[in-house]
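Enquirer: sharing a model prediction with you, sequence too.
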Amino acid sequence: MTRSQRFFLVIAATWLGAGLLQAAAGPTASSYLRFLEVERNGSGSITGLDGASGVAVSPDGRTVYATGEVDDALAVFHRDSATGALTFVEMKQDAVDGVDGLNGAHGVVVSPDGVHVYVASKTGDALAVFSRDVDTGALTFVQAKNDGVGKVNGLDGAEGIAISPDGAHVYVAGRNDDSLAVFSRDAATGALTYVEIQRDGYAGVVQGLLGAKAVAVSPDGAHVYAAGSLENAVAVFGRDAATGKLTFIEVQREGQNGVLGLFGAKAVTVSLDGANLYVAGGYDDALVVFDRNPETGMLTSVQLLEDGVGVAVFERDPATGTLTYVERLRDGIAGVDGLHKAQAVAVSPDGASVYAAGSADTAVAVFRVRRCGDGVLDPGEQCDDGNVQDGDCCSSTCRFEPATTLCRPAAGGCDVAEFCTGASGSCPADLLEPSAFECRGAMGSCDEAELCTGTDSACPADAFKPAAVECRPAAGDCDVAETCTGTGPTCPADAKTTAVCRPAAGDCDVAERCDGVSNDCPADGKSTAVCRPAAGACDVEERCDGVSDACPADALQPATVECRPAAGVCDVAETCTGTSPTCPADAKSTAVCRPAAGACDVEEHCDGVSDACPADGFEPAGTACSAEADACAPARSCTGATAECRTAEPKVGFAAVLCAFDRHLDQGACRSQTLPPDTGRLFTRAGTLVTQAEGVPPARKRRLLQQAAGLLKRAGRSIARAGRRKHAPLAADCANAAEAMISDALGRVLAAPR
């Protein structure tokens, strides 16, 4: 078992026997107590400790509360978390400033959330409630619960008090009522509400509560235990976490089931792990250890320790719960004070301090747990430097550290690292490097090495070469010499120039420029660009040959090269002469520039002056031209104003009738229209009858022409209907054109010679 796993039980005892018990985690390095101070009633401003009977430490470890049974008071102390020392803050006294319920103040407890304090008062048969200022620990009276008032019962001779781990319920042992009183707690205000009483002999079931003096709740909140001083017993109850109500489970009595040491049982506590219960027998001067069943809460006696002392310290085995005596502290021995008739003891949450209430001394005795790291050399320690850190020559277990242990690293380039000697808990004196010691070497060509001064742990400030110092010479025509900046240890990055490193030696030579990468000038290059532009349309531009520095000799275009294109149909394209850089003078044509475009058009010739062709001319009016393609159309002739022919004499005789049927109804406006099928058939049949009528006897001719006229009339009606139909009617322009052709044919048939 390591030191960090050790647990201790601290007991306060008087000639009456063991007083209030407090179980706590033990120190990490030592297993005994060192007396620190005593806070005595009447010393300085301290009041309220006459008959000191109870003591409690707040969960945050900042405040200690002690009851004064004779003073009917509750004293408040501020606790120094570093040393455990106390400073008096205030006192709350019964019947002063509206405070009630402190007559015979005995047991005291602080709520788990640290915001309320509760005091059981055995003379006043009462329970006082205070709210707590978490910053100062100061108290404000909230209420008092008095026995017999408002149905409250079980507080007669109230001594012991406990609060459930969840802070929901408060339990008070009433010695004269032989009972446990149960209260529910308002977490916001701290106010209590009476729930029930569990009295010895109730319903013939409850036992072990005669002279009930102490009460404890298991850490899991499942069970409640009470010490019955007049029954020499401890009673076991199951707890309803919702209501706080109790159910009797069993009683463990002196002399039964092998149990001894419970005579005058006055104190009870449960170990932090909930595995064991410890009961102090007042008249047996004994301490009884029980195993606790966490499921049922039932107890089994496992150990008995006897012979009461002032304050005793026992080490607890967490596996078995059994105790081993460590030490005792008595009032008036070895400087210890404040323990005369010690009644109660409390341990700070950090396990570093122990506080005992001495009723006859009207005081609170303060102890520090001896431990490695408290700055005091205790037996068994080689050293104690006030901390539990390794690496400073006094280890975390207060032993000398080996000589190889670094205890003080070098604090600078001119400091020497110190190592432990192995024979002392202190680090050797700090040493410095001598003045000739190089503490910082040159870090580059622009840095200076620094030497220690012999008087300072720090290496002198880093110094650099001045800005004028050349740190890298130029390595070629295109390299730049670098100089230090005066602000850094390294030479600036090697830079290359991009300037001209070789000028041009002629029109066809190229000036070379550094590429910014190489130290050397690029190879000498020649141009292939134009070195002499063309001086005219018949001149040739000269281009460098990429070899010579000079531009080639001037050359002209050959005689076959066109130097000025024709600017119009009557312009002539000019060509170079081969002897001059300029193009010859502009010349004009006299050739045909516009051919005849029709039967009535004439061709035009250039005039030798203008680039443009003369205006378009036509044949004189009346000049015969091509015949009309329409068989019914008259012959045509020129008008003298256009290139097209005009209409001449119309056709006559029977030919004027036959030509009407050479036309097509589905042409022109009807090209994209669909004519009724019977229209075309009627028109074609009429044409056939007219053809048959030519050259036949008159009677037959009249008959054939009448039939043809009838067919044309029917065709006309068909077209008219097509133009009026609802679905896809014939377009009006098509219908009009078709009707016109049919009407023209009908007119010609009716006018035909009979």
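Expert: Now that the structure is in, tell me what you want to look at.
Enquirer: in this protein, where's the longest helix?
Expert: Secondary structure assigned by DSSP state H gives helix 698-724 as the longest helix of the chain.
Enquirer: counting by contacts, list what it packs against.
Expert: helix 677-693, helix 732-751 (3 or more C-beta pairs under 8 Å, 6 or more residues apart in numbering; DSSP states H and E). In short, each C-beta sits where N, CA and C put it, glycine included.
Enquirer: now do the shortest one against helix 698-724, angle only.
Expert: Angle between the axes of helix 677-693 and helix 698-724 is 160 degrees (criterion: axes from the mean of the first three to the mean of the last three C-alpha atoms, to 10 degrees).
Enquirer: now for helix 677-693, which elements pack on it?
Expert: Applying 3+ C-beta pairs under 8 Å, 6+ apart, one finds that helix 677-693 contacts helix 655-658, helix 698-724, helix 732-751.
Enquirer: the ones you listed: lowest mean pLDDT?
Expert: Lowest mean pLDDT within the helices and strands packed on helix 677-693: helix 655-658, at a mean of 77.
Enquirer: quote the end-to-end distance of stretch 189-204.
Expert: 37 Å (C-alpha to C-alpha, to the nearest Å).
Enquirer: for it, list every residue counted as buried.
Expert: Across stretch 189-204, burial judged by 16 or more other C-beta atoms under 10 Å covers G190, A191, L192, Y194, V195, E196, I197, Q198, R199, D200.
Enquirer: distance of the residue located most distally from the centre of the chain relative to V690?
Expert: Distance from the C-alpha centroid of the chain peaks at P697, with 116.3 Å (C-alpha atoms, centre = their mean). P697 sits 16 Å away from V690, going by C-beta to C-beta, to the nearest Å.
Enquirer: and what of R316?
Expert: 145 Å.
Enquirer: quick check: beta-bridge partners of S353?
Expert: For S353, the beta-bridge partners under DSSP bridges are R368.
Enquirer: about what we covered before: closest one to E619 among the helices and strands packed on helix 677-693?
Expert: The closest of the helices and strands packed on helix 677-693 to E619 is helix 655-658. By C-beta to C-beta, the value is 28.2 Å.
Enquirer: please work out which residues outside the closest one touch it.
Expert: By C-beta atoms under 8 Å, 6 or more residues apart in numbering, the residues outside helix 655-658 that reach it are A631, C632, P650, G687, V690, T691, E694, R748, V749, A751, A752.
Enquirer: looking at this, F183 is in a strand?
Expert: Yes: assessed with DSSP: H, G, I helix; E, B strand; the rest coil, F183 lies in a strand.
Enquirer: quick check: closest non-adjacent residue to it.
Expert: Spatial nearest neighbour of F183, excluding adjacent residues (C-beta to C-beta, 6 or more residues apart in numbering): L192 at 4.0 Å.
Enquirer: what's the answer for T320, then?
Expert: In this structure, T320 finds its nearest non-sequential neighbour in V302, 7.0 Å apart by C-beta to C-beta, 6+ apart.
Enquirer: that neighbour: neighbouring residues, count only.
Expert: 15 (other C-beta atoms under 10 Å).
Enquirer: now do the one 3 residues further on
Expert: The number of residues packed near L305 is 23, by other C-beta under 10 Å.
Enquirer: quick check: closest non-adjacent residue to it.
Expert: Nearest one to L305, counting by C-beta to C-beta, 6+ apart, is L287 at 4.3 Å.
Enquirer: can you check F130 too?
Expert: Of all residues not flanking F130 in the chain, L139 sits nearest, at 4.0 Å (C-beta to C-beta, 6+ apart).
Enquirer: domain map for this structure?
Expert: 3-369, 381-460, 558-648, 655-751 (automatic domain parsing).
Enquirer: do I have it right that the residue nearest to T320 meets L287?
Expert: No: here V302 lies out of contact with L287, judged by C-beta atoms under 8 Å, at a distance of 11.8 Å.
Enquirer: excluding its backbone neighbours, what's nearest D390?
Expert: Nearest residue to D390, sequence neighbours excluded (C-beta to C-beta, 6+ apart): S396, at 5.1 Å.
Enquirer: read off the pLDDT value for the one you found.
Expert: On the pLDDT scale, S396 is placed at 91.
Enquirer: hmm, R371 and it touching each other?
Expert: No: in this structure S396 lies outside contact range of R371 using C-beta under 8 Å: 11.1 Å.
Enquirer: please say which of the two ends up with more neighbours.
Expert: The neighbour comparison of S396 against R371 (other C-beta under 10 Å) goes to R371, with 23 against 16.
Enquirer: that one belongs to a strand, doesn't it?
Expert: No: under three-state DSSP, R371 sits outside any strand and is assigned coil.
Enquirer: average pLDDT across the helix or strand hosting A365?
Expert: Element membership for A365, per DSSP states H and E: strand 363-369. For strand 363-369, mean pLDDT rounds to 89.
Enquirer: now swap in stretch 677-685 and tell me
Expert: 88.
Enquirer: contacts for stretch 678-693, please.
Expert: For stretch 678-693, contacts defined as C-beta under 8 Å, 6+ apart pick out 657-658, 660-661, 665-666, 700-701, 704-705, 707-709, 711-712, 714-715, 718-719, 722, 738, 742, 745, 749, 752.
Enquirer: make that stretch 524-543, sorry
Expert: Outside stretch 524-543, the residues that touch it by C-beta under 8 Å, 6+ apart are 502, 507-510, 512, 544-549, 551-557, 561, 563-564, 576-578, 580-583.
Enquirer: apply 6 Å and report the result again.
Expert: Residues outside stretch 524-543 that contact it (C-beta atoms under 6 Å, 6 or more residues apart in numbering) are 507-508, 510, 544, 546-547, 551-552, 555-557, 563, 576, 581-583.
Enquirer: which of those lies closest to V388?
Expert: Ranked by distance to V388 (C-beta to C-beta), the contacts of stretch 524-543 are led by V510 at 81.8 Å.
Enquirer: now do the closest residue to that closest one other than its chain neighbours, the pLDDT please.
Expert: Nearest residue to V510, sequence neighbours excluded (C-beta to C-beta, 6+ apart): G525, at 4.6 Å. We have a pLDDT of 83 for G525.
Enquirer: with the one 10 residues further on instead?
Expert: pLDDT recorded at A535 is 84.
Enquirer: that one: neighbour count?
Expert: A535: 13 neighbours (other C-beta under 10 Å).
Enquirer: and the gap between it and Q557?
Expert: 11 Å.
Enquirer: and if you look at N103?
Expert: Applying C-beta to C-beta, the value for N103 to Q557 is 137 Å.
Enquirer: can you give me the strands for the stretch 201-350 of the chain?
Expert: 212-217, 223-228, 233-239, 246-253, 265-270, 276-281, 286-292, 299-306, 311-316, 323-329, 342-347 (DSSP state E, counting those that start in this stretch).
Enquirer: pretty sure A709 contacts A751?
Expert: No: between A709 and A751 there is no contact, the gap being 10.6 Å when judged by C-beta atoms under 6 Å.
Enquirer: of those two, who's got more company?
Expert: Each of A709 and A751 has its neighbours counted (other C-beta under 10 Å); A709 has more, 19 against 9.
Enquirer: which residues sit in contact with that one?
Expert: V749, L750.
Enquirer: so that it lines up with my notes, have the first residue be 45 from now on.
Expert: Taking 45 as the first residue, the last one we looked at is A753.
Enquirer: who are the contact partners of the residue nearest the centre of the chain?
Expert: In the chain, the residue lying closest to the centroid (C-alpha atoms, centre = their mean) is D157, at 33.7 Å. Shown in contact with D157 (C-beta under 6 Å, 6+ apart): G211.
Enquirer: distance-wise, check it relative to A776.
Expert: Distance from D157 to A776, by C-beta to C-beta: 104 Å.
Enquirer: repeat that for R283.
Expert: 110 Å.
Enquirer: compare those two and say which one has the larger neighbour count.
Expert: A side-by-side neighbour count of R283 and A776, using other C-beta under 10 Å, places R283 first with 23 against 10.
Enquirer: the residue lying closest to the more buried one once chain neighbours are set aside - how many residues pack around it?
Expert: Closest residue to R283 apart from its sequence neighbours, by C-beta to C-beta, 6+ apart: V268 at 5.3 Å. Neighbourhood size, V268 [other C-beta under 10 Å]: 28.
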